[in-house]
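In: Okay, sequence plus prediction incoming.
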Amino acid sequence: MKLRTSLMAAIGLAFAAGAAHADINVGVIVSATGPAASLGIPEKNTVALMPTTIGGEKVNYIVLDDASDTTSAVKNIRKLISEDKVDVILGSTITPNSLAMIDVAAESATPMISMAASARIVEPMDDKKRWVFKTPQNDAQMSTAIIEHMTDSGVKNVAFIGFADAYGEGWYEQFSSVADARKLKMIANERFARTDTSVTGQVLKIIAAKPDAVLIAGSGTPAALPQKALKERGYTGKIYQTHGVANNDFLRVCGKDCEGTFLPAGPVLVAAQLPDGNPVKKSALEYITKYEAAHGKGSVSTFGAHGWDSGVLLAAAAPAALKKAKPGTKEFRAALRDALEGLKEVPAAHGIFSMSPTDHLGLDQRSRVMVQIQNGAWKLVK
């Protein structure tokens, strides 16, 4: 009897020891193909640089490509949650896909950290969005930076052309609101699709309105289309882009037509040009060093850095969640959500993150700089 009792006790201890350790499974959804590929590829590359252990637990990353398609994004998140039993979702790359994924994340009580920009992903806060966080700067933050630069440069009126989807709509909503408050007149509002090959009609209307400046609200290489059309038609006013174009593929596609363009960006884009006292410089250079070691000098984009920051947030929050529950359980997912919401002053590539129950982005003005394209390169506007 004593032997049997000892044997059962030993089995119980072994089981308990095994149960104390469980892999953290991370589902990653990126737009590695399709119109947003120039954004999604560096995000996909960045996953390989993320930590393989957190809090003493092994981390498995399961990466799926949504091909820049909303339906595929929803299909992917359902698979990752139902079949792969992931504890958290990182993604997707673009706003429409991230918005479409929210319902699935909330239904399954799985925390999600989006790499897309629109404030609509996390605002207004509700029972669904309480499960969702994001790493890119809000369009409201970046709109303010653009309008401050415009008004300081003497711009009195501006034309807008943006994607005909949630990204473009979100930008117009935020930009026009700030512009109205700053007495900057909006005199044209046009749209184009990510897959369009011509925007001649829209550009002719913009030029006819004679704006002092044009804001193009697109992301990745498709945002070069209106800019090239404006230059071809002889537009000589100021052109602004959003932080959605901050990668080298955009520079390559847009070429000389992008010279002189202004845009707001995360500090990682010009990290080496930041003053030494900038609070983001060290953490931004850490990512750049790791990415360039794997992919070559000059290969970094701000989009890969958004992916990196999602991993930084996960690594910062997971140890607290592990103290309350083991991975693979609903209790761990809930604890991870709570830990993400409680993060304070976490340094990352794009800024310093401090979350709260009403703020699931957590970035302040330390997360933005103004940049100009000069001689085919990004230059910090001082």
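Out: Cool, got the structure. A quick note: this is a predicted structure, and the numbers were derived from the prediction, not measured.
In: Correct me if wrong: Ile77 contacts Ala106.
Out: No - counting by C-beta atoms under 8 Å, Ile77 stays clear of Ala106, with 11.0 Å between them. (C-beta placed from N, C-alpha, C; glycine too.)
In: Same drill for these two, tell me which one is more crowded.
Out: Using other C-beta atoms under 10 Å as the criterion, Ile77 and Ala106 rank with Ile77 on top: 29 against 17.
In: for the helix or strand hosting the more buried one, packing partners?
Out: Using DSSP states H and E, Ile77 falls within helix 70-82. Judged by 3 or more C-beta pairs under 8 Å, 6 or more residues apart in numbering; DSSP states H and E, helix 70-82 is in contact with strand 24-30, strand 57-65, strand 88-91, helix 95-107.
In: Buried residues in that helix, which are they?
Out: Using 16 or more other C-beta atoms under 10 Å as the test for burial, helix 70-82 gives 70, 72-74, 76-77, 80-81.
In: what does stretch 41-53 give?
Out: For stretch 41-53, a neighbour-count test (16+ other C-beta under 10 Å) marks 41-47, 49-50 as buried.
In: Nearest residue to the middle of the protein?
Out: Of all residues in the chain, the one closest to the mean position by C-alpha atoms, centre = their mean is Met115, 3.0 Å from it.
In: The closest residue to that residue other than its chain neighbours: how many residues sit nearby?
Out: Setting aside the residues directly before and after it, Met115 is nearest to His306 in space (C-beta to C-beta, 6 or more residues apart in numbering), at 4.4 Å. Neighbourhood size, His306 [other C-beta under 10 Å]: 31.
In: His306 reaches Pro136, doesn't it?
Out: Yes - with contacts counted by C-beta under 8 Å, His306 reaches Pro136, the gap being 5.0 Å.
In: Give the residue spans of the stretch 1-150 of the chain that score low on pLDDT.
Out: 1-21 (pLDDT under 70).
In: quick one on the thing from earlier: any chance of the buried residues of helix 70-82 in CSV, with distance to Lys382 too?
Out: Output for the buried residues of helix 70-82, formatted as CSV (distance: C-beta to C-beta, whole Å):
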residue, distance to Lys382
Thr70, 40
Ser72, 42
Ala73, 39
Val74, 44
Asn76, 42
Ile77, 42
Leu80, 44
Ile81, 46
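In: Pull up the overlap in contacts between His306 and Pro136.
Out: 115, 266, 350 (C-beta atoms under 8 Å, 6 or more residues apart in numbering).
In: Just the ones of those residues in helices?
Out: For the shared contacts of His306 and Pro136, not one is inside helices, with DSSP state H as the criterion.
In: Let's have the residues you listed in JSON lines, adding distance to Lys210.
Out: Formatted as JSON lines, the shared contacts of His306 and Pro136 follow (distance: C-beta to C-beta, whole Å):
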{"residue": "Met115", "distance to Lys210": "37"}
{"residue": "Gly266", "distance to Lys210": "33"}
{"residue": "His350", "distance to Lys210": "36"}
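In: nearest to Ile146, of those residues?
Out: For the shared contacts of His306 and Pro136, the residue nearest Ile146 by C-beta to C-beta is Gly266; the value is 14.3 Å.
In: Break down the stretch 101-250 of the chain into its strands, ranges please.
Out: Assigned by DSSP state E, counting those that start in this stretch, the stretch 101-250 of the chain shows strands spanning 112-114, 132-134, 157-163, 185-192, 213-217, 238-241.
In: next one: the fourth one to chain centre, how far?
Out: A distance of 25 Å separates the C-alpha centroid of strand 185-192 from that of its chain, computed with C-alpha atoms, centre = their mean, to the nearest Å.
In: send the alpha carbons of that strand over as PDB?
Out: Output of strand 185-192 as PDB, limited to C-alpha atoms (Å, rounded to 0.1, in the frame of the first residue of the first chain):
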ATOM      1  CA  LYS A 185      -9.600  74.600 -45.600                       C
ATOM      2  CA  MET A 186     -10.400  71.300 -47.300                       C
ATOM      3  CA  ILE A 187     -11.100  72.000 -51.000                       C
ATOM      4  CA  ALA A 188     -11.100  68.500 -52.600                       C
ATOM      5  CA  ASN A 189     -11.800  65.000 -51.400                       C
ATOM      6  CA  GLU A 190     -11.000  62.100 -53.800                       C
ATOM      7  CA  ARG A 191     -10.600  58.300 -53.500                       C
ATOM      8  CA  PHE A 192      -8.800  55.400 -55.300                       C
END
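In: Touching it from outside, list them.
Out: 156-164, 168, 172, 176, 179-180, 199, 202-203, 205-206, 209-211, 218, 225-226.
In: Please indicate which of these are buried?
Out: 157-163, 168, 172, 176, 179, 199, 202-203, 206, 209, 211, 218, 225-226.
In: Tell me which of the strands of the stretch 101-250 of the chain approaches Gln372 most closely.
Out: Nearest of the strands of the stretch 101-250 of the chain (C-beta to C-beta): strand 238-241, 10.1 Å.
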